[in-house]
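Asks: Here's a sequence, model it:
(2 chains)
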Amino acid sequence: MNKVITPAPTAGDNSVQAFDVERVRKDFPILGEEINGRPLVYLDSGASAQKPRQVIDAMSTAMETYYANVHRGVHAMSQRSTEAYEAARTKIATFLNASSTNEIIFTSSATEAINLVANAYGRKFLKAGDEIIVSHMEHHANIVPWQLLREEIGVVLRVAPIRDDGALDMEAYESLLGPKTKLVAMTHTSNALGTVVPIADVIKKAHDHGALVIVDGCQAVPHSKVDVQAIDADFYVFAPHKIYGPTGVGILYGKEELLNSMPPWQGGGDMIATVTFEKTTFQKAPLRFEAGTPPIVEAIGLGAAIDYVSTLGMDNIAAHELGLLHYATQRLNAIEGLTIIGTAPEKAAIVSFVMDCAHPHDIGTIVDQMGVAVRTGHHCAQPVMDRFGLAATARASFGLYNTRDEVDALVESIEMVKEFLG
Amino acid sequence: MFGDLRELYQEVILDHGKKPRNFRYPEDFTCEAAGNNPMCGDALMVYLKVDDNKIIRDVAFQGKGCAISVASASMMTELLKDLSVDKAEALFKAFHSMCTDDENIDEQLAQFDEEIVERLQMLSGVRQFPMRVKCATLAWHTMDAAVNGEQDITTE
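Replies: So this is what the prediction gives:
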C-alpha cells in the first residue's frame, strides 16, 4: 500500500507566480459556506469542481451586457457575443496547444463529444470486425458509445487490462494491437483510481498499427498541462465543469483534416453552408459539428476558467495537488482498516478507498455530517469496480483550492465513521 | 450535532447490518426478484415462500449493500413472516410513507401491531437523509416486485 508516488514530469509553463492557496480560496464564494455548522470541505472536484468568482462574473456580464445569439445577426450584441464565444474557442485551442482554432468543437458535454466521434467517425470509417480497444478503467461514457456502435455495425470491443495497482498493463495493451485495431478509446486519467496513463506512449503504439486514438481527458485537464500535439492525440475530450467552468458545455478536440473528413452528426442551423430541399452542403469544422444554438454563455464561462487556471499556472496547480495527494495518501494509509484502491506510480490527486467497518455509502453519509463532501459509489466505472471485486468505493478528489487542513478534516471525519460503525 | 446520525445508525440497525437475519438461499420458495440500485451498486435478491392462502411463510435475501440497505432487508424478512401478501404490501406502503414524511402515516399504521410499527420506526431515521431513502427501501421494492411476478427492479 505504501507506494512512493513520483511527480508527473511537467514542462514548459512560464508562470513564476507562487501558488497561494489561501488567496485562491477567496476566489471561490461557495467555500465560505457551512455544512452542519462546519466549514465545507469539498473533496468532490472529480465529480464537478466549484466555480471561481471570475467565471461567475464572466457569465453574468455576458448575460447582463452583451448577450445575443451567435453567428447570426448583424446587430451589435450578436457581434459582441460571437466575438466572446469565438475568443473562448481560441483560449481553449491555445490551452491545449491545438494547431488551429478549427480543431475545437463545443458540444453539450464531454459525453456528447465521445458520442459525436462514435457516430460521425465510427459510422463512416468503421465496419464489422474492426476492433476498438478500451481500457478496463474507462468511465461508462467511454464504454457505452462504443457498445452502441457495436450493436449497430458489428465492431469488436477489446479491453486492455490493468494491473493490481491500477496502472495500465502496457504489455497486454500492446499485444491487443493488430491489423484489425482501428481505434483506441482511452482515459488519460482514471476518475475512479486516479491512475495517470502514459498516453503519449499509448498513442504512439496505436499509430504504429495505423489506429487512431480518442482520449478521455476529463480527469487529466484539470490537474496538469495537456499538449494535444505533443501527445499526438487524434481526438481529445474534456469536461469544462471539472476545470472550474460551467456545466452544459463539453469540448472535443480533433485533428482538423480528420474532422473535415467526417460527416455531420446532427443536422440543424449553423452547421450548413447552403440548404435547398434538393441538397444541403455543410460547413467545415468546427461549425459542421455545432448544429443549433450552442452553449454561448457556458463557452464564455469556460474561457474565463481557462484564463483563471492559466494565470495560476497549470504547473503550479499540479505541484500543489501532488503535495495534497502525497499527504492524503500518507494519512489515509495510516488508518487501520482502510485500504486505498489505486496505487499506481503515476497518479492525479484522486484517492479512492474502502473501509473494513463501513460500506462507502455509510462513510459518505457520516463524513458529510462533518462537512466533508466525498463521492461514494461506482463512479460510473463499474467494470473497474468489478476488477477489484468491489461494488463501490469512497473517493476524495482534490482541486486547486484544497488544503492540508482539509485532508486532516477528512481523516478526522473517518475516525467518526469508525466510532459509529467500527 | 450527530443526533440524526445516531437515529439513523441505531444499535438495532447496526446489529442487523452486521449480522443480517435470513441471509440465505432458501431450499424452496415460490417467488423471487432481484433489486438493483444503479446509483450506488447495491444489489440484492429477495426470496419468498407464499402458500395457497396468500400467506408469506418464509422470506430470505442475499446480496451486497450498505449498513442501511442490509439492515432494512434483514428486518423486513422478520416483519413479513406470516403476514398476508396484501398486508405485506400495505406495510411496504406505510414504510415508504414513513421514510418520505407522508402526512397519512398514522392512518396507514393503525392496522399493524405496535411491535411492527416500532421496528419500522427504527428504520425510518433515514427520512433525515433523503439520499439514503433508496437504500432503506430497496429490499421492500424488491419484495413488492417478487410478489407481483416481476423479476427485477431498479431504483435510483
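Asks: OK, contacts around the spatially closest residue to A:Gly154 that is not a sequence neighbour?
Replies: Nearest non-adjacent residue to A:Gly154, counting by Cβ to Cβ, 6 or more residues apart in numbering or on different chains: A:Ala128, 3.4 Å away. From N, CA and C alone the C-beta is placed, and that goes for glycine too. Neighbouring residues of A:Ala128 by Cβ atoms under 8 Å, 6 or more residues apart in numbering or on different chains: A:153-155.
Asks: now those in CSV, with pLDDT and neighbour count?
Replies: Shown next, in CSV, are those (pLDDT from 0 to 100; neighbours: other Cβ atoms under 10 Å in any protein chain shown):
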residue, pLDDT, neighbour count
A:Ile153, 97, 14
A:Gly154, 97, 12
A:Val155, 98, 23
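Asks: after the helix or strand A:Leu332 falls within comes which helix or strand?
Replies: Using DSSP states H and E, A:Leu332 maps to helix A:314-333. Downstream of helix A:314-333, the next assigned helix or strand under DSSP H and E is strand A:338-341.
Asks: neighbouring contacts of that following strand?
Replies: Residues contacting strand A:338-341 (Cβ under 8 Å, 6+ apart): A:1, A:166, A:192-193, A:329, A:332-333, A:351-356, A:388, A:390, A:393, A:414.
Asks: burial of B:Gln108, as a residue count?
Replies: Number of residues near B:Gln108 (other Cβ atoms under 10 Å in any protein chain shown) recorded here: 17.
Asks: Three-state assignment for A:Thr281, please.
Replies: When classified by DSSP: H, G, I helix; E, B strand; the rest coil, A:Thr281 comes out as strand.
Asks: Name the nearest residue to it, ignoring sequence neighbours.
Replies: Spatial nearest neighbour of A:Thr281, excluding adjacent residues (Cβ to Cβ, 6+ apart): A:Ala273 at 4.3 Å.
Asks: and that neighbour, what pLDDT?
Replies: The per-residue pLDDT reported for A:Ala273 equals 87.
Asks: before we move on, what about A:Ser109?
Replies: If you check A:Ser109, the pLDDT there is 98.
Asks: Which one of the residues in the stretch 51-200 of chain A is closest to chain B?
Replies: A:His140 (10.3 Å; Cβ to the nearest Cβ).
Asks: count of residues packed around the closest residue to that residue other than its chain neighbours?
Replies: Excluding the flanking residues, the one nearest A:His140 by Cβ to Cβ, 6+ apart is A:Cys380, at 4.6 Å. By other Cβ under 10 Å, 17 other residues sit near A:Cys380.
Asks: Just the mean pLDDT for the helix or strand hosting B:Ser69, thanks.
Replies: B:Ser69 is part of helix B:67-80, with elements assigned from DSSP H and E. Model confidence over helix B:67-80 averages 96 on the pLDDT scale.
Asks: Now it - C-alpha only, PDB.
Replies: Extracted C-alpha coordinates of helix B:67-80, given in PDB (Å, rounded to 0.1, in the frame of the first residue of the first chain):
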ATOM      1  CA  ALA B  67     -25.500  -0.900   6.600                       C
ATOM      2  CA  ILE B  68     -28.900   0.700   5.900                       C
ATOM      3  CA  SER B  69     -30.000  -1.500   3.000                       C
ATOM      4  CA  VAL B  70     -28.800  -4.700   4.600                       C
ATOM      5  CA  ALA B  71     -30.400  -3.900   7.900                       C
ATOM      6  CA  SER B  72     -33.700  -2.900   6.200                       C
ATOM      7  CA  ALA B  73     -33.700  -6.200   4.200                       C
ATOM      8  CA  SER B  74     -32.900  -8.200   7.400                       C
ATOM      9  CA  MET B  75     -35.600  -6.500   9.400                       C
ATOM     10  CA  MET B  76     -38.100  -6.900   6.600                       C
ATOM     11  CA  THR B  77     -37.600 -10.600   6.500                       C
ATOM     12  CA  GLU B  78     -38.600 -10.800  10.100                       C
ATOM     13  CA  LEU B  79     -41.500  -8.400   9.800                       C
ATOM     14  CA  LEU B  80     -43.200 -10.100   6.800                       C
END
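Asks: Say whether chain A is contacted by the next helix-or-strand element following it.
Replies: Using DSSP H and E, the helix or strand that directly follows helix B:67-80 along the chain is helix B:85-99. No. Applying Cβ under 8 Å from any Cβ of the partner chain, one finds helix B:85-99 out of contact with chain A, separated by at least 14.6 Å.
Asks: and the nearest residue to A:Ala110 once chain neighbours are set aside, what is it in contact with?
Replies: Of all residues beyond its chain neighbours, the one nearest A:Ala110 is A:Ala239 (3.9 Å), with distances taken as Cβ to Cβ, 6+ apart. With contacts defined as Cβ under 8 Å, 6+ apart, the neighbours of A:Ala239 are A:109-110, A:218, A:250-251.
Asks: just checking, which of those residues belong to strands?
Replies: Counting by DSSP state E, the contacts of A:Ala239 place A:250-251 in strands.
Asks: which helices and strands does whichever helix or strand B:Glu107 is part of pack with?
Replies: Here B:Glu107 sits within helix B:105-109, counting by DSSP H and E. When contacts are defined as 3 or more Cβ pairs under 8 Å, 6 or more residues apart in numbering or on different chains; DSSP states H and E, helix B:105-109 sits against helix B:85-99.
Asks: Go through stretch B:8-27 and flag the buried ones.
Replies: Using 16 or more other Cβ atoms under 10 Å in any protein chain shown as the test for burial, stretch B:8-27 gives B:8-9, B:13, B:16-17, B:20-23.
Asks: Next up, the contacts around A:Gly342.
Replies: A:165-166, A:190, A:192-195, A:350-352.
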